[in-house]
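J.: Provided below for reference: sequence and predicted model.
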Amino acid sequence: MSGLEVRSIDYVPLNERHGKLWHLGPLWFMSNAQIATLAVGLISITSGGNLVWSLLAIVAGTVVGTFFMAFHSAQGPQLGLPQMIQSRPQFGYVGALLVWLFAYVQYAGFNVFNSILAADSLHTTLHGSVKLWVVVVTVVALVIALVGYDIIHKAERVLTYTFLVIFGIFTVGVLATLHYPAGSFDLGGFKWTPFLAQFGVVAGYQISWAIYVSDYSRYLPPNVTVRKTFYWTYFGSALGGIWLMVLGTLLAAWAGKDFDTIKSINAAGDKVFDGFGTIVLLFAALGLVSVTALNMYGGSLTLISGIDSFKRVRPTLGVRLLTLGLTAALSLVGALAATANFLENFNNFLLLVLYLFIPWTAVNLMDYYVVRRGHYAIAEIFNPHGIYGRWGWHGIIAYVVGFAAMIPFFSVGTLYVGPAAKALGGADISLFIGLPVSALLYWWLTRSIDVEGETRLAQEEAVALEQAAHEHREP
């Protein structure tokens with residue numbers, strides 16, 4: 001395929017499926033292996049935890065959180081659809097707006113943080129106005145997102161190879177030259193509250209990728225196995241996440257109260273050799289541009305899905321242009337208007353994302369892997385009067401009840417600490433409450449669904465679906 005991508009929320013027909021399964025590895029590695037991820041590894045150190053338990057919390061949170069996002073990835077090749085439109089069978093044609101709104105807020109929030117961080121990196125190395133660099137980063141990311149799926153995959157592969165060299169040297173330098181406070185590796189220094197706070201933020205960060213993953217696997221042929229799709233996504237994302245979060249923890253432990261993401265990276269890099277900090281930051285800016293493009297791409301798909309819930313949208317290049325432009329403009333305005341408080345509260349933002357998407361991921365995965373076992377009438381997903389209905393009360397009820405069950409266990413810094421979290425000394429275990437409550441309740445509510453009937457309908461509509469997609473008619 002060449003030129004600008006035309007498809008958006010529509011089904012990808014079999015004759016357009018392409019790509020190699022292993023491409024998911026570098027894509028998800030590099031999506032995580034950028035310095036915004038580094039900031040995720042700070043919360044335990046900054047809230048009184050020691051280094052060794054911070055590292056263990058990062059690994060544990062990554063292992064758990066990535067598990068869920070990788071299972072979403074396996075849905076893409078089987079359904080040929082982007083991630084968020086797949087919520088309609090659970091939440092309904094209109095009801096899915098609930099989760100799409102939260103997803104769009106997430107895309108916008110991450111883009112504000114990423115573009116500011118990239119602009120700061122460029123300002124530190126190349127000088128010039130931070131606001132001007134914000135505009136440059138946004139425009140370049142917009143162009144990448146506009147070209148679409150294939151260029152994003154290729155860019156992430158190239159960046160991965162370069163990352164392994166530059167950050168490989170940087171990591172060796174951090175391990176060899178930096179010194180850490182006494183007690184950093186004392187296993188007896190365990191504290192529940194910073195450990196669970198770090199675990200929750202990391203797990204939430206990894207689960208937050210769940211709304212993206214099918215977007216970047218949907219062009220793969222359906223004969224790739226669920227197991228291999230899961231593995232390439234899981235290990236790519238987990239390795240990239242652990243690497244950068246561990247670097248963040250190490251740098252924060254070394255710098256102490258003087259830690260500043262950009263300045264500390266620059267200073268640590270220069271300990272390898274003079275000027276290497278500049279090289280690291282310039283490459284880091286490229287990584288942030290690429291992930292900003294991912295957010296614009298996913299935000300566009302989510303916005304199109306939302307519009308389609310009110311008025312049927314024929315997926316065209318014009319629609320992609322419009323929604324990408326709106327998403328980029330929102331990111332730009334947010335980044336230019338952001339204050340230092342926004343950056344300081346990034347960890348709180350990550351926790352809020354975790355809370356919003358725990359019930360969704362539970363419902364979506366339970367529906368796909370247990371209730372419907374991957375069998376969907378795809379044409380009906382685009383039918384406002386189809387079998388999935390306008391309001392999917394099973395999914396909505398399971399989501400709301402699961403979210404409500406989590407509230408007493410929330411612990412969001414100074415914003416809110418629920419009564420159960422207070423009883424646990426401020427420890428946040430809401431993840432372990434919301435997942436089973438939403439999943440099991442959804443399973444119980446959907447016992448009467450006629451899965452065999454939906455499967456027969458899907459088979460009856462399969463030929464017409466392929467023809468309509470091939471001709472770029474709806475869906």
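T.: Structure received.
J.: rest of the way, CA atoms for contacts and neighbours
T.: Fine.
J.: Now do the helices in the stretch 51-200 of the chain.
T.: Here the stretch 51-200 of the chain has its helices, by DSSP state H, counting those that start in this stretch, at 51-73, 75-79, 88-91, 97-126, 130-147, 149-177, 192-208.
J.: And the third one, what's buried?
T.: Looking back up the chat, that one is helix 88-91. Judged by neighbour count (16 or more other C-alpha atoms under 10 Å), helix 88-91 contains these buried residues: 88-91.
J.: Tally up the residues packed near residue 312, please.
T.: 15 (other C-alpha atoms under 10 Å).
J.: average pLDDT for stretch 42-51?
T.: The average pLDDT within stretch 42-51 is 81.
J.: just the CA coordinates of it, formatted as CSV?
T.: This file holds the C-alpha atoms of stretch 42-51, laid out as CSV (Å, rounded to 0.1, in the frame of the first residue of the first chain):
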residue,chain,number,x,y,z
LEU,A,42,9.1,8.0,39.7
ILE,A,43,6.2,7.7,42.0
SER,A,44,7.6,5.1,44.5
ILE,A,45,11.0,7.0,44.9
THR,A,46,9.3,10.4,45.3
SER,A,47,6.8,9.0,47.9
GLY,A,48,9.4,7.4,50.2
GLY,A,49,10.0,4.0,48.7
ASN,A,50,13.6,2.7,48.3
LEU,A,51,15.2,1.8,45.0
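J.: so which of the helices of the stretch 51-200 of the chain comes closest to residue 270?
T.: In terms of C-alpha to C-alpha, the element of the helices of the stretch 51-200 of the chain nearest to residue 270 is helix 149-177, at 9.3 Å.
J.: quick check: angle from that closest one to helix 130-147?
T.: For helix 149-177 against helix 130-147, the angle by axes from the mean of the first three to the mean of the last three C-alpha atoms, to 10 degrees is 130 degrees.
J.: pLDDT on helix 149-177, on average?
T.: Mean per-residue pLDDT for helix 149-177: 95.
J.: same question, stretch 363-380
T.: Mean pLDDT, stretch 363-380: 94.
J.: Of the buried residues of helix 88-91, which is the nearest to residue 214?
T.: Minimum distance to residue 214 across the buried residues of helix 88-91 is 14.7 Å, recorded for residue 88 (C-alpha to C-alpha).
J.: Can you list phi and psi of the residue lying closest to the closest one once chain neighbours are set aside for me?
T.: Distances taken as C-alpha to C-alpha, 6 or more residues apart in numbering place residue 96 nearest to residue 88, at 5.5 Å, with adjacent residues excluded. For residue 96, the backbone dihedrals (degrees, to the nearest 10) come out as phi -70, psi -10.
J.: What residues does residue 96 make contact with?
T.: With contact taken as C-alpha atoms under 8 Å, 6 or more residues apart in numbering, residue 96 is in contact with 87-88, 90, 391.
J.: Between the helices of the stretch 51-200 of the chain, which has the poorest mean confidence score?
T.: Per-segment mean pLDDT for those reaches its minimum on helix 192-208, at a mean of 86.
J.: which residues are in contact with it?
T.: Contact with helix 192-208 is made by 40-45, 47-49, 53-54, 57-58, 60-66, 68-69, 241, 347, 350-351, 353-355, 357-358, 361, 425-429, 431, as judged by C-alpha under 8 Å, 6+ apart.
J.: Over stretch 398-414, what's the mean pLDDT, rounded is fine.
T.: 91.
J.: Would you mark the buried spots in it?
T.: Residues of stretch 398-414 classed as buried: 398-403, 405-412 (neighbour count, 16+ other C-alpha under 10 Å).
J.: Identify the residues contacting it?
T.: Residues external to stretch 398-414 that are found in contact with it (C-alpha under 8 Å, 6+ apart): 348, 351, 355-356, 358-360, 363, 416-421, 426-431, 433-435, 437-439, 441-442.
J.: Find the residue ranges of the stretch 201-350 of the chain scoring beneath the pLDDT cut-off.
T.: Along the stretch 201-350 of the chain, the parts satisfying pLDDT under 70 run over 339-347, 350.
J.: which stretches of it form helices?
T.: Under the criterion DSSP H, counting those that start in this stretch, the stretch 201-350 of the chain contains helices at 226-255, 261-270, 276-310, 317-337, 340-344, 346-366.
J.: Tabulate those helices (a markdown table), appending distance to residue 217 and mean neighbour count.
T.: Formatted as a markdown table, these follow (distance: least, C-alpha to C-alpha, whole Å; neighbours: other C-alpha atoms under 10 Å):
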| stretch | distance to residue 217 | mean neighbour count |
| --- | --- | --- |
| helix 226-255 | 8 | 23 |
| helix 261-270 | 32 | 20 |
| helix 276-310 | 13 | 24 |
| helix 317-337 | 19 | 19 |
| helix 340-344 | 31 | 11 |
| helix 346-366 | 16 | 23 |
